[in-house]
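Peer 1: Below is the structure, and that's it, no one-letter string:
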Ligand code: ZN
């Protein structure tokens, strides 16, 4: 197994877009994986391909290093979960304190499937944009969960996978800062234009922070992070 390859869990959202570039800077061979699980913001699945195609224009290393994309059909997730992410119903906080966009254990499943693909492709690193700073309370995004899963995957496959979580300690403002550090304004512009975070899949209005409904939890996180980053950048500049 090579030490240099990475498989990036790339949803087409802001976080995974930054993770993809983070991986391209470090690893000579980078592939991407996405999951189609009947999510109602299917627009993410469309923007992820457009983002990949345009990436080399903003970040030239991608031309040499970005390899193939894998899209796995996980429609079964829609069948076993009852959430606002896959059903057409309002996004709200549930009694457990988690938003009802929560698909229980989703990241456990995603990373396990990603490891199976990485095993077949001879890729050592799994890169995911999970974050415990402003992660909406999802327990499968926590550092302890990811570390435990890395151990379980390595025991279960007799491998030495490394799960990289470059955004674990970064909030959304710091994630914009990382994008700027990695690829400058061309990369920030690409992420603004061609990544997608909105839970409702709304791309009708272009805000200063990108496209979205502007009201769902994902849009609120993205907008407030962008404005905090802009305010900080203004102070520094
Ligand atoms: Zn939205």
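Peer 2: Happy to help now that I have it. Model, not experiment: these values are computed from the prediction.
Peer 1: any weak-confidence spans in this structure?
Peer 2: Along the chain, the parts satisfying pLDDT under 70 run over 1-3, 39-41, 81-102, 134-137, 234-237.
Peer 1: how far is the lengthiest helix in the chain from where the chain is centred?
Peer 2: Ranked by number of residues, the top helix in the chain under DSSP state H is helix 172-194. The chain centre lies 14 Å from the centre of helix 172-194; the measure is C-alpha atoms, centre = their mean, to the nearest Å.
Peer 1: which parts of it are buried?
Peer 2: The neighbour-count check on helix 172-194 (16 or more other C-beta atoms under 10 Å) flags 172-180, 182-183, 187-188, 190-192, 194 as buried. Any C-beta I mention is one placed from the backbone N, CA and C, and that applies to glycine too.
Peer 1: and residue 168, what is it in contact with?
Peer 2: Contacts of residue 168 were listed using C-beta atoms under 8 Å, 6 or more residues apart in numbering, and they are 130, 131, 132, 133, 143, 146.
Peer 1: So the last one lies in a helix, does it not?
Peer 2: Think residue 146. Yes. Read with DSSP: H, G, I helix; E, B strand; the rest coil, residue 146 is one of the residues of a helix.
Peer 1: That one and residue 186: what is the separation?
Peer 2: Distance, residue 146 to residue 186, using C-beta to C-beta, to the nearest Å: 31 Å.
Peer 1: show me where this structure has strands.
Peer 2: For the chain, the strands defined by DSSP state E occupy 5-9, 29-36, 66-73, 125-127, 162-164, 206-207, 210-211.
Peer 1: And those: which comes nearest the ion?
Peer 2: Nearest to the ion among those is strand 210-211 (8.9 Å), distances taken as C-beta to the ion.
Peer 1: Show residues contacting the closest one.
Peer 2: Identification of contacts with strand 210-211 by C-beta under 8 Å, 6+ apart yields 14, 191-193, 195-198, 202-205, 222, 226.
Peer 1: Return the closest of the residues you listed with respect to the ion.
Peer 2: Nearest to the ion among the contacts of strand 210-211, with distances taken as C-beta to the ion, is residue 198, at 3.2 Å.
Peer 1: was I right about that closest one contacting residue 219?
Peer 2: Yes. Assessed by C-beta atoms under 8 Å, residue 198 is found in contact with residue 219 at 5.1 Å.
Peer 1: can you list residues touching both of the two?
Peer 2: Common neighbours of residue 198 and residue 219 (C-beta under 8 Å, 6+ apart) are 212, 213.
Peer 1: hmm, back to that, whichever of the contacts of strand 210-211 end up buried, select them in PyMOL.
Peer 2: A single PyMOL command selects the buried members of those (16+ other C-beta under 10 Å):
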select buried, resi 14+191+192+195+196+197+198+202+203+222+226
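Peer 1: Intersect the contacts of strand 210-211 with the contacts of the ion.
Peer 2: residue 198 (C-beta under 5 Å from the ion).
Peer 1: So for stretch 124-142, first residue to last residue, what's the gap.
Peer 2: Chord length of stretch 124-142, first to last residue, is 21 Å (C-alpha to C-alpha, to the nearest Å).
Peer 1: List the buried residues of that stretch.
Peer 2: Across stretch 124-142, burial judged by 16+ other C-beta under 10 Å covers 124-132, 135, 138, 140-142.
Peer 1: Kindly present the residues you listed as a markdown table, with separate columns for distance to the ion.
Peer 2: Shown next, in a markdown table, are the buried residues of stretch 124-142 (distance: C-beta to the ion, whole Å):
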| residue | distance to the ion |
| --- | --- |
| 124 | 35 |
| 125 | 31 |
| 126 | 28 |
| 127 | 25 |
| 128 | 22 |
| 129 | 18 |
| 130 | 20 |
| 131 | 18 |
| 132 | 22 |
| 135 | 17 |
| 138 | 17 |
| 140 | 22 |
| 141 | 19 |
| 142 | 24 |
